[in-house]
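> below are the sequence and a predicted model for it; my questions follow.
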Amino acid sequence: MALMFDRLAHNYAVDGYYRTDDETVKRCAYLLDTSSSHFSALDPCCGEGMALTDVVRQFEQPGSILTHGIEINRDRYLSASDRINQVVHSDLNEVSLPSRAYGLLWLNPPYGQIVTDKAGLGDDRGTDRLEKVFFRRTISTLQTEGIMVLIVPYYVLDREFSLMITKWFTDVQVFMAPEQKFKQCVVMGRKRANATSDMATAKRIEAIGSGELPPELPDYPSQDPYEIPIMRQEPTMRIVRLEPEQLALEVQRHNKATLWGGFDALFGGLSESSVPKPLRDLTQWHLALALAAGYVEGMVKSDDGRTLLIKGNTFKEKDERREMDEDGNLTITRLDRFVPVIRGIELTPGDNFGNLLTIR
């Protein structure tokens with residue numbers, strides 16, 4: 001018996017990945033100012049890196065463009081590493097992304113609903129679209145005046161998504177993709193300096209989500225293309241959580257900089273004889289501190305030949321004092337008192353061997 005519909009099962013097997021077709025990529029590039037140079041570009045769902053690489057090839061100086069990508073699938077990550085300047089093998093939520101660092105955001109996110117906890121076993125915050133989650137997570141990476149290319153099914157452009165897009169982007173244009181296997185449209189816009197509202201544009205985009213489809217992407221260069229801003233500083237991506245294999249490589253690479261590398265140098269010279277004796281007998285307070293720090297424990301021998309295995313600890317008691325004034329009012333005062341306690345096991349051969357004792 002099948003547990004999934006065929007389409008859903010295939011989508012699960014490929015991690016929700018479907019590469020942007022070549023014709024859509026080429027026509028998106030027609031809307032960009034290909035004379036732009038010295039900018040950085042991010043594809044947070046880069047797959048094998050072909051889409052972003054094909055876009056960059058359309059520019060007059062592709063060698064001056066810095067490309068970054070994120071890919072969760074290991075095989076596609078390895079392929080993308082040969083095409084994109086820096087790729088991290090991770091889930092998007094486990095990557096620390098720079099703020100306002102990229103001039104171009106190429107966003108073709110996974111499509112579909114987020115799986116929620118229908119059994120009531122955890123935190124169920126309702127349904128949400130993956131397209132919206134990836135949009136919220138990545139728009140902060142764009143510079144002011146940076147360009148977004150968003151490729152999503154047109155029917156996800158509901159009121160909420162339309163308001164989010166127009167809140168953060170101006171000069172918004174929407175076109176249908178030439179390839180309609182997944183009912184895709186392309187949303188392009190320029191990042192605003194400050195969030196604002198544009199209800200007229202939001203309603204126009206929402207209408208597209210309701211079925212009022214826009215024209216298809218033009219198959220010729222635009223007369224008024226989107227100019228991509230230059231890179232102010234080179235952005236850096238960091239993985240927040242490392243896989244065991246990556247952690248092992250990092251520890252090996254930085255071994256000399258870790259504490260383990262200098263352990264012998266730091267602690268090798270210490271011995272019991274090097275520990276200085278106190279200048280005077282310990283007070284109750286000193287004893288309590290030593291017990292709380294774990295310095296009073298282990299095997300000890302007394303002057304009379306007894307051997308004990310001891311463990312020290314400190315606990316808190318309350319001293320209560322009651323006072324009654326001339327009018328008969330009772331005042332109760334409770335003060336904390338720290339009590340040092342040593343518990344031991346008698347290990348001296350004889351009749352008392354194994355007995356437990358408490359020293360207070």
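Perfect, I can see it now.
> against residue 341, how distant is residue 314?
As judged by Cβ to Cβ, to the nearest Å, residue 314 and residue 341 stand 7 Å apart. C-betas here are computed from N, CA, C, even on glycine.
> and residue 278, what does it touch?
Contacts for residue 278 (Cβ atoms under 8 Å, 6 or more residues apart in numbering) come out as residue 286.
> what pLDDT does it get?
Reading off the confidence values, residue 278 has pLDDT 72.
> could you look up the SS state of it?
Secondary structure, DSSP: H, G, I helix; E, B strand; the rest coil: residue 278 is coil.
> what do you get for residue 55?
helix.
> tell me how many other residues crowd it.
Neighbours of residue 55 under the rule other Cβ atoms under 10 Å: 24.
> contacts only, for it.
Applying Cβ under 8 Å, 6+ apart to residue 55 gives the contacts 25, 28, 29, 32, 41, 106.
> could you redo the last one with a cut-off of 6 Å?
For residue 55, the contact set (Cβ atoms under 6 Å, 6 or more residues apart in numbering) comprises 25, 29.
> do the same with the one 5 residues further on
If a contact means Cβ under 6 Å, 6+ apart, then residue 60 has 34, 35 as its contacts.
> separation between it and residue 229?
16 Å.
> could you point out which element follows the helix or strand encompassing residue 208?
Using DSSP states H and E, residue 208 maps to helix 199-209. Next helix or strand after helix 199-209 toward the C-terminus (DSSP H and E): strand 238-239.
> what's in contact with that following strand?
Contacts with strand 238-239, where a contact means Cβ under 6 Å, 6+ apart, come from 88, 90, 95, 96.
> excluding residues flanking it in the chain, which one is nearest residue 225?
Counting by Cβ to Cβ, 6 or more residues apart in numbering, residue 33 is the residue found nearest to residue 225 once chain neighbours are left out, at 4.1 Å.
> so what's that neighbour scoring on pLDDT?
pLDDT for residue 33: 96.
> that one - how many residues pack around it?
The tally of other residues near residue 33 (other Cβ under 10 Å) stands at 16.
> phi, psi for it please.
Reported as degrees, to the nearest 10, the phi and psi values for residue 33 are phi -80, psi 100.
> same check, this time on the one 5 residues further on
The phi and psi torsions at residue 38 (degrees, to the nearest 10) take the values phi 60, psi 50.
> ok, residue 225 next?
phi -80, psi 160.
> which residues touch it?
Going by Cβ under 6 Å, 6+ apart, residue 225 touches 31, 32, 33.
> and the gap between the second one and residue 104?
I take that to be residue 32. According to Cβ to Cβ, residue 32 stands 8 Å off from residue 104.
> the more surrounded of the two?
The residue with more neighbours, out of residue 32 and residue 104, is residue 104; 25 against 21, by other Cβ under 10 Å.
> picking that back up, the helix holding residue 208: how far from the chain's middle?
Here helix 199-209 is found 33 Å from its chain centre; the criterion is Cα atoms, centre = their mean, to the nearest Å.
> quick one: residues in contact with it.
With contacts defined as Cβ under 6 Å, 6+ apart, helix 199-209 is touched by 154, 155, 157, 158, 159, 162, 163, 166, 172, 174, 214.
> now do 10 Å
152-167, 169-176, 185, 187, 189, 198, 212-214 (Cβ atoms under 10 Å, 6 or more residues apart in numbering).
> which among the residues you listed count as buried?
With neighbours counted by 16 or more other Cβ atoms under 10 Å, the contacts of helix 199-209 contain buried members at 152-154, 156-157, 161-166, 169, 172, 174-176, 185, 187, 189, 198, 213-214.
> tell me which of those residues fall in strands.
Among the buried ones among the contacts of helix 199-209, DSSP state E puts 152, 153, 169, 172, 174, 175, 176, 185, 187, 189 in strands.
> tell me the one of these nearest residue 241?
residue 152 (27.7 Å; Cβ to Cβ).
> pretty sure the closest one sits against residue 187.
Yes. Counting by Cβ atoms under 10 Å, residue 152 touches residue 187, with 7.0 Å between them.
> shared neighbours, these two?
Both residue 152 and residue 187 are contacted by 107, 135, 161, under the criterion Cβ under 10 Å, 6+ apart.
> next, format those as JSON lines and append pLDDT and distance to residue 37.
JSON lines is the format used below for the shared contacts of residue 152 and residue 187 (pLDDT from 0 to 100; distance: Cβ to Cβ, whole Å):
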{"residue": "107", "pLDDT": "96", "distance to residue 37": "22"}
{"residue": "135", "pLDDT": "96", "distance to residue 37": "27"}
{"residue": "161", "pLDDT": "96", "distance to residue 37": "32"}
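> dump the ones in strands among the buried ones among the contacts of helix 199-209 to TSV, plus pLDDT and distance to residue 81.
Shown next, in TSV, are these (pLDDT from 0 to 100; distance: Cβ to Cβ, whole Å):
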residue	pLDDT	distance to residue 81
152	95	26
153	95	29
169	97	31
172	97	33
174	97	33
175	97	31
176	96	33
185	96	30
187	97	29
189	97	30
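> returning to that earlier point: now tabulate the shared contacts of residue 152 and residue 187 in TSV and tack on distance to residue 359.
Shown next, in TSV, are these (distance: Cβ to Cβ, whole Å):
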residue	distance to residue 359
107	69
135	67
161	71
